[in-house]
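**Student:** Need a 3D model of the following:
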Amino acid sequence: EPFDVAHEFLRQILKGVSLAGFEYEMSTEEANMYVTAVNTALKEAMAQKFFPVRKVVRPFIWRLNESRKRLRQFSRNVLDHYHSIEDPQECTIISMIVSNDSYLSDEERLTDIGVFFSAAYETTSYTLAWTLLELAKNPTEQTILRNALRDVQVNERRNVPELRRALKEGMRLNPVTAIGAHRVLANDFTTDKYFLPKGMIVT
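**Tutor:** Numbering: from 1, shown residues only. Alright, predicted model coming up:
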């Protein structure tokens, strides 16, 4: 059955970020709510920027505020859960937020929890989805990467140069945060290590 790779990655990466960085096991329902609330909030905020009348029309204000409330409540659930853990891990995002005395209140902590979630999951999932698409379009590179990953233990895969190169190339071809920052080389470009041909996209 067909499925949207980017949407599935959003949910899976969100769950991974939640568990690894915040010691919070996010349910599928929470992941769906989070993605929907973020999308609604972003769309409505952008729409209000270009159509200021939406700032005073109740249904639009309500939609944006409801999305914000849901995201804030999720951050509160994460923080409350962390406080309930008897032996929390050290050096996680949540442990650093909670132990940082620079925050004046938990309200400030909730804001940063939301920021870290938003910053981490969407960029990571889209980067992986685009990289997989590029690998699918380049079977030779896919085979090279697959063979390189098979030759090492699972816990050593993060150090495989072929994996690092594939991810960097995926990010170069499809940067998720550099809107409008693509450039096309007008001439060939050569350094000690690299040759970039005319017409190549760089960011």
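**Student:** If you count contacts, what does the biggest helix by length in the chain end up packed against?
**Tutor:** The residue-count maximum for a helix in the chain (DSSP state H) belongs to helix 106-137. If you count contacts as 3 or more C-beta pairs under 8 Å, 6 or more residues apart in numbering; DSSP states H and E, helix 106-137 packs onto helix 5-22, helix 28-50, helix 58-84, helix 93-99, helix 139-150, helix 161-173. All C-beta atoms are positioned from the backbone trio N, CA, C, and that covers glycine.
**Student:** any chance of those in CSV, plus mean neighbour count and mean pLDDT?
**Tutor:** Shown next, in CSV, are those (neighbours: other C-beta atoms under 10 Å; pLDDT from 0 to 100):
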stretch, mean neighbour count, mean pLDDT
helix 5-22, 18, 86
helix 28-50, 15, 86
helix 58-84, 15, 91
helix 93-99, 17, 94
helix 139-150, 13, 95
helix 161-173, 15, 92
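**Student:** Which among these is found nearest to residue 122?
**Tutor:** Nearest to residue 122 among the helices and strands packed on helix 106-137 is helix 5-22; the distance by C-beta to C-beta comes to 6.5 Å.
**Student:** what inclination does that closest one have with respect to helix 106-137?
**Tutor:** When axes from the mean of the first three to the mean of the last three C-alpha atoms, to 10 degrees is applied, the directions of helix 5-22 and helix 106-137 differ by 140 degrees.
**Student:** Run the angle between helix 5-22 and helix 28-50 for me.
**Tutor:** Helix 5-22 and helix 28-50 are oriented at 110 degrees to each other (the same axes, to 10 degrees).
**Student:** counting contacts, what elements does helix 5-22 pack onto?
**Tutor:** With contacts taken as 3+ C-beta pairs under 8 Å, 6+ apart, helix 5-22 sits against helix 28-50, helix 58-84, helix 93-99, helix 106-137.
**Student:** Can I get that helix in PDB, CA atoms only?
**Tutor:** This file holds the C-alpha atoms of helix 5-22, laid out as PDB (Å, rounded to 0.1, in the frame of the first residue of the first chain):
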ATOM      1  CA  VAL A   5       7.600   8.800   3.000                       C
ATOM      2  CA  ALA A   6       8.000  12.400   4.300                       C
ATOM      3  CA  HIS A   7       5.000  12.200   6.500                       C
ATOM      4  CA  GLU A   8       6.000   8.800   7.900                       C
ATOM      5  CA  PHE A   9       9.600  10.100   8.500                       C
ATOM      6  CA  LEU A  10       8.200  13.100  10.300                       C
ATOM      7  CA  ARG A  11       6.300  10.900  12.800                       C
ATOM      8  CA  GLN A  12       9.200   8.400  13.300                       C
ATOM      9  CA  ILE A  13      11.900  11.000  13.700                       C
ATOM     10  CA  LEU A  14       9.600  12.900  16.100                       C
ATOM     11  CA  LYS A  15       9.300   9.800  18.200                       C
ATOM     12  CA  GLY A  16      13.000   9.300  18.100                       C
ATOM     13  CA  VAL A  17      13.800  12.800  19.100                       C
ATOM     14  CA  SER A  18      11.300  12.500  21.900                       C
ATOM     15  CA  LEU A  19      12.800   9.400  23.300                       C
ATOM     16  CA  ALA A  20      16.500  10.200  22.800                       C
ATOM     17  CA  GLY A  21      16.500  13.800  23.800                       C
ATOM     18  CA  PHE A  22      13.600  14.000  26.200                       C
END
